[in-house]
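1. next one to model:
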Amino acid sequence: MKSQASARPLALKRTVTALMGAGLLSSASVWAQTTAETTAETKEPGDMQTVVVTGVKASLIKSLALKRNNDQVVESVVAEDIGKLPDNNVVEALQRVTGIQVTNRAGGEVGTLSIRGLPDVQTTWNGRNIFTASGTQVALQDIPSTLVRQIDVYKTRDASQLETGIAGQIDVKSLRPFDFKGPKVSLSARETYLDPAEKWNPQLSAMFSNRWETGIGEVGALVNLAAAQTKYRNESVTPGAMVPFTSANPAEVPAGYIPLQRITDNNIWAPGTRTGLPTAAGSTLNFNGQAYPYYLARDAVFQSDVQGERKRPAATVALQWKPNSDAVYTFESMYNGYRDKAFNQLLFSFVDWWGDLGSNPAGTITTFPGTNVIKSRTVNNVYGFNSGDYTTSKTDSFVYALNGKWNIGSRLKLDGDLSYQTSKFDTQFTATRIDRVAPSIDVDFNDGNGDTAFRFNNNADLVDPTKWNVAEFYDNANRNKGSAATASLSGVFDAAWGALETLQFGARHDVRKASEANRTQSAFLGRNLATLGPEYAHINSNFGTDISDVPRSWLEPNAYYIRDNIDDWRRLYNSVNSNFLTTDQLRLQKTFEVEEKTSNLYLMGNFQSELFGNRLRANVGVRYTKVDTDMTFYQVDATTRAVTPSGASKSTSKLLPSLTLTYDPTKDVVVRFNFGKTLRRPNFGDLNPVLQLADDVSRVGYGSGTGGNPDLKPTLSKNFDLTGEWYFQKDSALYGTLFKRKIDGLVVPLRRRVHVDPADDPFRNSTSGGDHTNGYDYVINSPVNASDGTIKGVELGLIYFPKWLPGPLEGLGVQASYTRLSSSQNVPEANNAGEIIAQLETPFFGVSDRSYNATLAYEKGPVSARLSYVWRSAFLAANEAALFANPIGIWRQPEKSVDMQISYKVNDRMSVDIGAINLTNEMQRQYYHFGEAGNQQITNFGTVQVGRSVSAALRWKM
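-> Numbers count the residues shown, from 1 in each chain. Predicted coordinates:
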């Protein structure tokens, strides 16, 4: 279904004419209105002319014009030139948009995007829903910026738009041949240097387009190709979770314990509480009716060095035919691919052993002043392991679409669209552990910068293969697949019945299929690494030099060599455990498959009248959606591998109203009020009730696991927005929005403890956890519709290009935005039986209460530049597993980035760009926190080296 922009061709022309007459829009603004609102996707079939205006200033002006003319609250990023968005991919290009928050930067790119704090985004390509594999969204990072002419972020939607995605909709628009007057060729090459990988990475693109007059009408063809390669490195250092220990003073130790012994009896303390155990000095626990002081310390330290290579091929093809002035046909296809190979070199050491503290236990620790929290300690005879984890991932996604637009007489326009898409994601994961007992380790859990530092008695032992034994090997694989066939027909009737200008109507039917399959196995070898030969050992170097004082090098099983010789490696483990399968015996087992049929109908009216002599517009509509879901699940017996299928079906329907009122109190001011309802459907994987279990690596007495819920219902959001926009100067504006989302039926995890019998326990032969002889307990998290929430806030934005600046400063402008958010949701707490016993009020995950962006833009002559600063406040990233004594919330410290780009236009055909991201080399840091408990100092939790990048690009066009 298309946006309402296509529904008002007459109103659009009147609006543009009026704005031009008032002097409010430049030629660039008119380009944005007439091109973006009436391109081949949404335009009148007889109107094909496009004027391309280039440069960073023109790009911002076009986005302003799009915002002004749309009935909905929309932000746009428009390419500065053919295939030239400000950044390397779609997600990077959106980070400066008002209300957008990004995080989880790794591998040289942003990993997570949210709109007004909500991650549930409907992703579309030229108005069509797109996704990756069995997911409900597309991985926007997989779409290179060179394939994109425009990105629209819809924060509100009307009845003609897709109803899913309570955060909003991101529509990625690609180029088509009728976007140009004649032949066009564009070539670009970019090299990006990434730190700390210290590698140069190429990105290439080529676009060819032309249109011709023929005997059957006008035809056009466009091909756009892109390929990118990235060699990256992610470095992180993390202290483990907090657990209680007895006092270091023998006189304050309860009977049966020794000084600084870890307290594992859950009858003495309750793990997983909201605030954790008290951290004040002298805090006590009850041992058989008597109070004894305790310390809090971390159970482990670990660091990860991920080195990988990522490739992204992508392409779009578009063919257009205009047989006459009343019809346009478009066939287009998009391919985006993803290839990734990542070697995670993990070093893990427990720091909670109490068996050998010497004659002076108190001398082995220091605490943070005024607390019982151990800041530093020395621990003897500590068990640790290194793990060489190797993951290969591959995605291939294809979309094919055929669209027709027709003028039926002078008053009716029809739009028909057929599309089919497929997407498949394959991944293989292998991990080999080596372990040892180190004589001692010295740890400083916070070195003063919020980072953890540690060293062993002899770090040289970390690279000596004779010191290490080969232990577990984990061998997993997954395959996720998805497809969709969609048909839609929509129309616009130019009613002209008094205040009712146009009627819009439409129908859509979509058949979505998804499936997931996996396999998993593990076994223990028990041989010294040195006996296998030098080719099985790999040593990294120069780790964490910008983080803290930690080991710079350590030895891992060589995951590259093991994967290249995987048949031999599996046979080796099979020789000591006959239940471990060799390559010829391995099969993926389907875990679930889903077919979801969605039918939509909508009716919408566009009205125009006057209020106090000024224009008042109204958009009133209703959308009906019906979803029928059929599900099949597959349970695999851990012993016999027999498969037992089960199934479930459900049907839901909703009537979703929408209302937009737009008022122009003066020629320079636009005021909008929007109301609508949107949905978030459950992720397909959340519907699968089959348990996925994880071993008790931390040795707390029970493992963990997840299991889905086929009875999940859609989440419903009621959305309110009030927007004011002041176009105080030609090509400049100040705008703001008050908004509120009232969300019912949020899906949250509910915890319960279950006992798994030995026959069903996949870790019955494990040696890394507890004793599984008689089965084992697991704490299972399952999703339920058991939460309601509200998120509200205010957005402010400014685009301003002063006209009074002298000489060299002429062309300097500002783009700035500020977002203030407040969120709250109830999260149920359950007892071991899964019964809800309390409600916890908490912020939404991933929501910063404040964020802002400030960008200086400059354009004069051949020079175009921008310097931007993006900042967001601390936010709740996740909750810790309910196994420990720290506050349960994992918070992210404030995040910021300084980025820049400079372009120089050599001539009309050639330009050169230089850019940089995270110039100040910021880190990503976390800490435990809930309410008043926990802070960045005493409950810090992990540091990630984000790294910086510098790029240079050459562009040529004709």
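
2. and the residue of the chain most remote from its centre, how far from residue 374?
-> Using C-alpha atoms, centre = their mean, the residue of the chain lying farthest from its centre is residue 251. It sits 51.9 Å away. Separation of residue 251 from residue 374 (C-beta to C-beta, to the nearest Å) stands at 19 Å. Every C-beta, even on glycine, is put in place using the N, C-alpha and C of the backbone.

3. what's the answer for residue 246, then?
-> Relative to residue 374, residue 246 is positioned 12 Å away (criterion: C-beta to C-beta).

4. between the two, which contacts overlap?
-> residue 295 (C-beta atoms under 8 Å, 6 or more residues apart in numbering).

5. show the end-to-end separation of stretch 662-682, please.
-> Counting by C-alpha to C-alpha, to the nearest Å, the length from the leading to the trailing residue of stretch 662-682 is 34 Å.

6. tell me the buried residues in that stretch?
-> In terms of neighbour count (16 or more other C-beta atoms under 10 Å), stretch 662-682 has its buried residues at 662-664, 670, 672-674, 676-682.

7. now for those, which pair is the farthest apart?
-> Of all pairs drawn from these, the widest gap by C-beta to C-beta lies between 664 and 682 and measures 41.5 Å.

8. in space, what's closest to residue 424 - neighbours in sequence excluded?
-> Across the structure, with C-beta to C-beta, 6 or more residues apart in numbering as the measure, the residue nearest residue 424 apart from its sequence neighbours is residue 481 (4.9 Å).

9. which stretches of the stretch 1-150 of the chain have low pLDDT?
-> Counting by pLDDT under 70, the stretch 1-150 of the chain contains low-confidence ranges at 1-54, 83, 86-88.

10. got it, and the chain?
-> For the chain, residues meeting the criterion pLDDT under 70 lie at 1-54, 83, 86-88, 356-359, 638-639, 697-700, 759, 765-770, 832-834.

11. still on that earlier bit, residues contacting the residue farthest from the centre of the chain?
-> Taking C-beta under 8 Å, 6+ apart, one finds nothing in contact with residue 251.

12. part of a helix, is it?
-> Yes. When classified by DSSP: H, G, I helix; E, B strand; the rest coil, residue 251 is found to be part of a helix.

13. next structured bit after whichever strand or helix holds residue 616?
-> Counting by DSSP states H and E, the element that carries residue 616 is strand 614-636. Once the chain leaves strand 614-636, the next helix or strand it forms, by DSSP H and E, is strand 643-666.

14. could you give the angle of that following strand to strand 614-636?
-> 170 degrees (axes from the mean of the first three to the mean of the last three C-alpha atoms, to 10 degrees).

15. which neighbours does strand 643-666 have in its sheet, and in what orientation?
-> strand 614-636 (antiparallel), strand 669-680 (antiparallel) (DSSP bridges).

16. in it, which residues are buried?
-> Neighbour-count burial for strand 643-666, counted by 16+ other C-beta under 10 Å, picks out 656, 658, 660-664.

17. same check on stretch 329-337?
-> Within stretch 329-337, the residues that count as buried by 16+ other C-beta under 10 Å are 329-334, 336-337.

18. got the CA positions of it in PDB?
-> Backbone C-alpha positions of stretch 329-337 (Å, rounded to 0.1, in the frame of the first residue of the first chain) are rendered in PDB as follows:
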ATOM      1  CA  TYR A 329       4.300   0.000 -15.700                       C
ATOM      2  CA  THR A 330       7.300  -0.700 -13.500                       C
ATOM      3  CA  PHE A 331       9.100  -3.900 -13.000                       C
ATOM      4  CA  GLU A 332      11.800  -3.800 -10.400                       C
ATOM      5  CA  SER A 333      13.900  -6.300  -8.400                       C
ATOM      6  CA  MET A 334      16.400  -6.000  -5.500                       C
ATOM      7  CA  TYR A 335      19.000  -8.300  -4.300                       C
ATOM      8  CA  ASN A 336      21.000  -7.900  -1.100                       C
ATOM      9  CA  GLY A 337      23.500 -10.300   0.200                       C
END
